[in-house]
Structures are given as C-alpha cells and as structure tokens.
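K.L.:
compute the structure for the input listed below.
(2 chains)
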Amino acid sequence: MSAPPSSAFLLQLQNCTVRFGGLTCVSDLTMGLGQNELVGLIGPNGAGKTTVFNIITGVYQPTEGAITYAGDSIAGKKPYEITARGIARTFQNIRLFGSLSVFDNVRVAFHLHLEHDVRHSLWRGASFRREEKEIEAQAMEILEIFKLGKFRDAPSKSLPYGDQRRLEIVRALATRPKLLLLDEPAAGMNPTEKVELMSLIRFVEEKYGVSVLLVEHDMQVVMNICRRIIVLEHGVKIAEGPPDQVRADPKVIQAYLGKD
Amino acid sequence: MALAGAVVAQLFSNQINPYYLDVILKIGWNIILAVSLNLINGYTGQFSLGHAGFMSVGAYTSAWITMQVGPKVLPQGTGIWFHAGPILLFLAALIIGGLAAALAGALVGAPSLRLKGDYLAIVTLGFGEIIRVIVRNIDSLGGSLGLNGIPAYTNLFWVAAVAVICVYVVLAMVHSSYGRGFLAVRDDEVAAEAMGLNTTRYKIVAFVVGAFFAGVAGGLYGHYTLSIDPKGFDFNKSIEIVVMVIVGGMGNTLGVIGAAIVLTLLPEFLRFLADYRMAIYSFLLIVLMLTRPQGLFTWRRRTKPVVSA
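P.N.:
Modelled structure (predicted):
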C-alpha cells in the first residue's frame, strides 16, 4: 500500500513518527507528493492530519523518520527556512495579520524576495524605492487576480470570512511556493463558498504550477478536486489512491462510519 | 530641515525662561524614550519593562566617557579644536553610550525572545533591576551616590536633533516592506514565521534599535542634570515610559509623541495641587484608560466590515 520511495517526488515523508510523550499522533507514515500534483489528506478528527502539516512546515520535528523536499532533508529546519525553500501554507483557523491592511498582508509575504533590508529602509535610495514600487505592483496584481483589489486598504480582519480564506491563500502564493499546503480551507464555508473554493484551488494549481497538499474534512471538496487521496486514521495511513477507489475502500468506510 | 530648526531653536534658547527650557528638554528625551520603546512594545508587540535599564547603561557609559576620557583628550587653549573638541567628544560619548545600551538590548533580547507577553515583561523588568543593582555596587561609577560633576553638554539642539533622528529612524524602518514585518510579528508570530520571516531577528533588531535610542536619551539626560544616580533609572521610570506608549496608542508614533508631550506637561500644570499632584495625575491616567483604551491619539480607523460584492 505504501508508495515506493521515488526521487520523482517533490516532497517525500519516509517512516515518519510523531510522539508527544506517550501519545503517538503519526505513526510510521510514508507518503510522497509529485510535481504539479493535487493530493488530498483526509481522515476523521484527531487522525493526525494537521500534525503532518506541522512536521512538514517545521512547527514540530518528527520523532523518527525523514522528510525530504526537492532532494534535501528539511526535518529540523525552522519554519521560515522551509518557507524560503518553497513550501507555503495556510492555517486551519485563519491566521491573517489582522490589524494590517489587505495590501500589507500580501506585501509582508514578499519579504523572502526582498533585496533590501533595514539599512535600505533608512537610506531610502533609488534602488529601495524602485523595489518598493515593484512589490506594490506585484501585490496589487495578485490581489486583482483574486478579486481582492477593492479591499486593498481595509484591515484584513474586517473582511468577510470567505475573503479572509482567499486572502490567506493569496498571501501564501506571494511567497512564490512550489508546494502549497492548505489546512481545511473549506472549514466554515457555505455550499456556494465551497464551490468557489474548489474552482479557486484548481485555478491556483493551473496558473501557478504549484503542487497542492490539501487537508480537508469536506468529502465533496476533496473527492471533486483531488486526483489522489491519502487517508489517515489514528496516525496510520489506511488507504491511498484515486477518489473512487478510496471511497469504496472498506477500511475507509469503517473509519468514517464505524463497523456494524 | 528639522535639524536647521533645531539650530534656530538653540540660538533662541538663551532667551527662554530656564524653567520652560527644563520642561522642553524633558519633553524631548521623553519623546526619544517613548518613540523608541514604541518600536519594541507597540510595533513589534514585545512587552518590555526594561527601558530605564537601557537608559541607565547609556547615561553611565557616556558620562564616564566625558568625565574620565574627556580631560585627557580635550585640547587646551584656544582655536577651533578648543571649541569643536567638546562637541565631538559629546557626540562620541552619546553614540558609544547608545551602542552600549544596544549591546545590552541584544543581550536581553536574545535569550528572552522565547518568552511572550507577561513572561517577557518580567524578564525585562528583572534586567532593569539587575543593571541598577550592579551600578550601585560599582565604586568607580559612584555607587549609590551616583556620578556627579558631569559636564553640561546637553542643550536644546542636541535633544531636538536626537529626537528628530529617532522619530525618523522608527518611522522609516516601519514604513517599508521589510519593516511591515515588525507589525506582522506583533499580529501573529506563527503566521509571520510561515511567511518566511525570521521572527527572532526582527525582535532582536527592535530591541537593539530601541535600546540604542534609550541609551542616547540617557546620555542627554545625564549631561543636563549633571548628576546621575541609580535611583533615577528604577522601575518607576520604565513604567512612566510604558504609560506614554499606551496613552499615545501602541504602534502609533505620532500619538506617542503627543502622549510624551501631554504626560510631561500634565504634572507641571498640576503643580498648584501641591501634595495631591501625583494622586490626581494617576487618577487622570485611570480616567484616560477607561475613556480611550485605544490611546489618546488613535483616531478610529475604518474598522467597519467591508461588504463583499
């Protein structure tokens, strides 16, 4: 069942285990994510999905196992170093910079690609001003693409819920990732918003050529847009494959609905 | 332009009533202290109660330089160097005092940056007290008697110039794509880290720059009062600066400048109350916080929810 280790994968988790004291959250997980792939990670509550996200992004370290990204080991790296390598994420509970404007939220995310630092911001020379203009143009461009341009100067916490979700994805994209991790983007959305979200994720994948790892509770969303699904239960991978196959898997049905 | 203004101000300072001059200078270094603390507390969201500690590092370092090194290097007699010497010496003393305070800022900042909120406040508070106790026990710094006979170098020009530079540096830092990172760290550290920001670095930069200006303000203070002692840099002084930042509105430089002015003038206007002065002052602060918790000078921004199209 476990996919054979392959160098073709952009992101590769090998035999990863995460323990907090006596509690094993993720157990011997091996999974991979290819270039331009949209993979769903599903499982009942407490299955360890967010923990998987957190070990990939460096918030936690795996107790055992290896994580490689583009051929390099990234286990033990700091979150900002991992983002610098091209992995961006959104959060299950929205974590925008609430008091900053929509524009500034995106502007901060360009940080990794800044050439100037604090000294330049004091001197304010020609190259500094040119770069600030460029960032402004790029930030506005990406905001317009995602139809958030009209909110430019509004504090991000004042946006409607769906737009906050969208802004979080835009902010993650502004770091220019190759791999985008979305943690329950459909949480708290109504059916219309969910449909919009699905087309948004497809659009992001096609336009920016990023790979997407999607953690989601909502079956409709996952089954619709993912070509491959990994199912976790109690930290163990119990199924992997295309949506139809996963849907029919007796182990998955049992994990979600229980045994009769 | 602002520096030119400061020069003009200095030319007229001889004609100003000494009491007014005293109050104006006090306003000046309170602005420096409050604006620099605002970088740490307001913009970066790291609650520091150690600003008086940084101030004392700067005050003692610069006073030690002008008192001990000064007589050895200052030229005697007349001529251009006789006049320029003290100015250069004072400039060097202020900068070295600021750098010493910045070093202290980095030393406190680095280990305590794993702490947040209340815990960080307690560590910085402890730092301020440690500095005070150390200084009190160093004989060459005068012990608890302090240093006396510091040369009177501070005047309106110096205070105004440093205040202008301090305000410029803080505003310029924050108003750039790099500098928005300070606010991002304040709003959500986890998200900031996930956006590729080295949050530790941001916090240390804030501490170092904030402490530098506190140290320079300490130097200005010492060379005006001509005598400094450890009691002048105690916990109360730190609180006084924190109050200015909170009253002005966290992360609002213009508001903090306003608060530094108002809160320096207020006790002066309350002098007629004699013994009840500080009680009334405290009472007014309570009223202020109850009526304007967002800060005296923070005007309501557009916070109404945006209607989605």
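
K.L.:
packing partners for the host helix or strand of B:Trp29?
P.N.:
Applying DSSP states H and E as the criterion places B:Trp29 in helix B:18-38. Contact analysis of helix B:18-38 by 3 or more CB pairs under 8 Å, 6 or more residues apart in numbering or on different chains; DSSP states H and E lists helix B:51-64, helix B:156-174, helix B:199-225, helix B:235-248, helix B:253-269 as its packing neighbours. For every residue, glycine as well, the C-beta is placed using N, CA and C.

K.L.:
dump the first one to PDB, restricted to CA.
P.N.:
Pointing back at helix B:51-64 there. Taking Å, rounded to 0.1, in the frame of the first residue of the first chain, the C-alpha atoms of helix B:51-64 are listed here in PDB:
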ATOM      1  CA  HIS B  51      13.700  50.800  29.100                       C
ATOM      2  CA  ALA B  52      15.000  52.600  32.100                       C
ATOM      3  CA  GLY B  53      17.700  50.000  32.300                       C
ATOM      4  CA  PHE B  54      18.900  50.700  28.800                       C
ATOM      5  CA  MET B  55      18.700  54.400  29.500                       C
ATOM      6  CA  SER B  56      21.000  54.000  32.500                       C
ATOM      7  CA  VAL B  57      23.500  52.000  30.500                       C
ATOM      8  CA  GLY B  58      23.700  54.900  28.100                       C
ATOM      9  CA  ALA B  59      23.700  57.500  30.800                       C
ATOM     10  CA  TYR B  60      26.600  55.900  32.800                       C
ATOM     11  CA  THR B  61      28.600  55.000  29.700                       C
ATOM     12  CA  SER B  62      28.500  58.400  28.200                       C
ATOM     13  CA  ALA B  63      29.000  60.200  31.500                       C
ATOM     14  CA  TRP B  64      32.000  58.000  32.200                       C
END
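
K.L.:
buried sites along that helix?
P.N.:
Within helix B:51-64, the residues scored as buried using 16 or more other CB atoms under 10 Å in any protein chain shown are B:51-64.

K.L.:
surely B:Val190 touches A:Val59?
P.N.:
Yes: assessed by CB atoms under 8 Å, B:Val190 is found in contact with A:Val59 at 7.5 Å.

K.L.:
who's more crowded, the two?
P.N.:
A:Val59 (17 against 13; other CB atoms under 10 Å in any protein chain shown).

K.L.:
helix, strand, or coil at the more buried one?
P.N.:
coil (DSSP: H, G, I helix; E, B strand; the rest coil).

K.L.:
for A:Ser156, list the residues it contacts.
P.N.:
A:96-98, A:100-102, A:105, A:164, A:167 (CB atoms under 8 Å, 6 or more residues apart in numbering or on different chains).

K.L.:
for A:Glu216, state which of those residues is nearest.
P.N.:
A:Gln164 (17.4 Å; CB to CB).

K.L.:
that closest one: neighbour count?
P.N.:
19.

K.L.:
can you pull the contacts of it?
P.N.:
A:94, A:96, A:156-157.

K.L.:
would you convert those into CSV that also reports secondary structure?
P.N.:
Below are the contacts of A:Gln164 laid out as CSV (three-state DSSP):
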residue, secondary structure
A:Ile94, coil
A:Leu96, coil
A:Ser156, helix
A:Lys157, helix
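
K.L.:
just the buried residues of these.
P.N.:
Using 16+ other CB under 10 Å, the buried ones in the contacts of A:Gln164 are A:94, A:96, A:156.

K.L.:
grab the nearest non-local neighbour of the last one.
P.N.:
Setting aside the residues directly before and after it, A:Ser156 is nearest to A:Leu96 in space (CB to CB, 6 or more residues apart in numbering or on different chains), at 4.3 Å.

K.L.:
show me the contacts for the one you found.
P.N.:
A:Leu96 neighbours (CB under 8 Å, 6+ apart): A:105, A:156-157, A:164, A:167-168, A:171, B:187-188, B:191.

K.L.:
just the buried ones from these?
P.N.:
Among these, those classed as buried by 16+ other CB under 10 Å are A:105, A:156, A:164, A:167-168, A:171, B:187-188, B:191.

K.L.:
tell me the most buried of the helices and strands packed on helix B:18-38?
P.N.:
Compared across the helices and strands packed on helix B:18-38, helix B:51-64 shows the largest average neighbour count, a mean of 30 (mean count of other CB atoms under 10 Å in any protein chain shown).

K.L.:
need the helices and strands packed on helix B:18-38 in a markdown table with mean pLDDT, can you?
P.N.:
Below are those laid out as a markdown table (pLDDT from 0 to 100):
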| stretch | mean pLDDT |
| --- | --- |
| helix B:51-64 | 95 |
| helix B:156-174 | 94 |
| helix B:199-225 | 94 |
| helix B:235-248 | 91 |
| helix B:253-269 | 92 |
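
K.L.:
make a markdown table out of those helices and add distance to chain A.
P.N.:
Below are these laid out as a markdown table (distance: least, CB to the nearest CB, whole Å):
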| stretch | distance to chain A |
| --- | --- |
| helix B:51-64 | 19 |
| helix B:156-174 | 5 |
| helix B:199-225 | 6 |
| helix B:235-248 | 16 |
| helix B:253-269 | 15 |
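
K.L.:
and the residue lying closest to A:Val236 once chain neighbours are set aside, its phi and psi?
P.N.:
Spatial nearest neighbour of A:Val236, excluding adjacent residues (CB to CB, 6+ apart): A:Ser27 at 5.2 Å. As for A:Ser27, its main-chain torsions (degrees, to the nearest 10) stand at phi -130, psi 120.

K.L.:
list the contacts for A:Ser27?
P.N.:
Listed by CB under 8 Å, 6+ apart, the contact set of A:Ser27 reads A:17, A:234-236.

K.L.:
return the member of those nearest to B:Trp158.
P.N.:
Once CB to CB is applied, the member of the contacts of A:Ser27 that ends up nearest B:Trp158 is A:Thr17, at 62.3 Å.
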